[in-house]
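In: Need the 3D shape of this:
(one chain, ligands or ions: 1)
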Amino acid sequence: MGIQFDSVTKTYPDGTVAVRDFSATVESHSTLALVGSSGSGKTTLMRMVNRMVDPTAGTVRIDGRDVRELDKVALRRSIGYVPQAGGLLPHRRVVDNVATVPVLTGTPRRAARDKAMDLLTLVGLEHSLARRFPGQLSGGQQQRVAVARALAAEPEVLLMDEPFGAVDPIVRRDLQDQLLGLQAELGKTIVLVTHDVDEAFRLGDTVIILRTGGVVAQAGTPQEIVAAPADDFVRDFVGTERSERTLSTVEVKGRRLVVDGDGRPVGVLA
Ligand SMILES: Nc1ncnc2c1ncn2[C@@H]1O[C@H](COP(=O)(O)OP(=O)(O)OP(=O)(O)O)[C@@H](O)[C@H]1O
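Out: Below is the predicted model of the structure:
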């Protein structure tokens, strides 16, 4: 299921223009990463897909269908959503958090729970955690539950709003790897919002860098953006001038090492 944003604009009632004349296509089974600083309209754009926000102008289409023609509740339940900081229901056990949407859409509770256990395995969680409450899990474990919950209705489209923003860098890297593995297996159409350009480059097949007001600074593959930043804003944002992105090679003990601008090794050439 592809997603098209066609000249969408969002002006909030107080006059704030969060997004201005934005167009983009997310190909089926691919990941679009929206990246930009705080207030650049990323979340607003993402929420247009499941109609948590309706654009003031323009159209969002899923598989060619204008989302305004679809029933809001059914649409929302058919799209996986991983909010910032998990958004788990604190008074429900992990397994029931994951089973929530299938139960709401009519799956018998028993079957929904069995399915939830499978999903917990899929996201790398031990079954022994299923009976705990979210507050009894680490931040990284909670985010895994949030991903499992978003997958429970077998959505073709997944929206992820800073899904790994609240966890430490090492756990974050683990969760990113996990998502890459899941995506290779499941092939969802994903819109992911992040303010971390490295995360956008790791996870996005396509990356869109936004300026304030939801204006596109540059869109392309990570390779295209790093190779040819559109302007100084993108260059700054991406940090192409930053020492860690300026790599060179040196020979040490007969092997070619790749080193960053500070001379620190980042890898070995094969
Ligand atoms: N309900 C609202 N009413 C008025 N203004 C809003 C509303 N929601 C968002 N905005 C404004 O719209 C702009 C874009 O907000 P949005 O949340 O889409 O940005 P963002 O890039 O996701 O930011 P962040 O990274 O901080 O989450 C901001 O200026 C914000 O203050």
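
In: near the ligand, which residues of the protein show up?
Out: Counting by Cβ under 6 Å from any ligand atom, the residues of the chain close to the ligand are 12, 14, 16, 18, 36, 38-44, 195. All C-beta spots, glycine's among them, are computed from the backbone N, C-alpha and C.

In: Next step: these restricted to helices.
Out: 42-44 (DSSP state H).

In: Please report which of the residues you listed has the highest neighbour count.
Out: Neighbour counts for those (other Cβ atoms under 10 Å) peak at K42, which has 26 neighbours.

In: So for that residue, what's the pLDDT?
Out: At K42, the predicted lDDT confidence score is 94.

In: doesn't V191 make contact with it?
Out: No: counting by Cβ atoms under 8 Å, K42 sits too far from V191 to count as a contact (9.4 Å).

In: Return every residue with contacts to both of these two.
Out: Residues within reach of K42 and of V191 at once, by Cβ atoms under 8 Å, 6 or more residues apart in numbering, are L34.

In: all helices in the protein, in order from the N-terminus.
Out: So, for the chain - with DSSP H - the helices run 42-49, 72-78, 94-104, 109-122, 139-151, 169-186, 197-203, 222-227, 232-238.

In: which helices and strands does the last one pack with?
Out: Okay, so that is helix 232-238. In terms of contact count using 3 or more Cβ pairs under 8 Å, 6 or more residues apart in numbering; DSSP states H and E, helix 232-238 is assigned the packing partners strand 206-211, strand 215-220, helix 222-227.

In: likewise the fourth one?
Out: In terms of contacts (3+ Cβ pairs under 8 Å, 6+ apart), helix 109-122 is packed against helix 94-104, helix 139-151.

In: Now the stretch 51-200 of the chain against the ligand: closest residue?
Out: For the stretch 51-200 of the chain, the residue positioned closest to the ligand under Cβ to the nearest ligand atom is H195, at a distance of 5.2 Å.

In: Am I right that that residue is in contact with S37?
Out: Yes: with contact defined as Cβ under 8 Å, H195 reaches S37; the gap is 6.2 Å.

In: wait, what's in contact with the closest residue to L119 other than its chain neighbours?
Out: Computed as Cβ to Cβ, 6 or more residues apart in numbering, the closest residue to L119 that is not its neighbour in sequence is A148, at 4.0 Å. With contacts defined as Cβ under 8 Å, 6+ apart, the neighbours of A148 are 98, 116, 119-120, 122-123, 125.

In: Just put those in CSV and tack on pLDDT, neighbour count and distance to G58.
Out: Below are the contacts of A148 laid out as CSV (pLDDT from 0 to 100; neighbours: other Cβ atoms under 10 Å; distance: Cβ to Cβ, whole Å):
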residue, pLDDT, neighbour count, distance to G58
V98, 95, 30, 35
A116, 95, 24, 37
L119, 93, 23, 35
L120, 94, 23, 39
L122, 89, 17, 36
V123, 89, 22, 35
L125, 92, 20, 40
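
In: From the residues you listed, pick the one nearest G87.
Out: For G87, the nearest member of the contacts of A148 is V98. The distance, counting by Cβ to Cβ, is 12.7 Å.

In: Distance check, the nearest residue to the closest one once chain neighbours are set aside against V123.
Out: Distances taken as Cβ to Cβ, 6+ apart place A116 nearest to V98, at 3.7 Å, with adjacent residues excluded. A116 is 11 Å from V123, where distance means Cβ to Cβ, to the nearest Å.

In: same deal with Q141?
Out: With distances taken as Cβ to Cβ, Q141 is found 9 Å from V123.

In: try R245
Out: Relative to V123, R245 is positioned 31 Å away (criterion: Cβ to Cβ).
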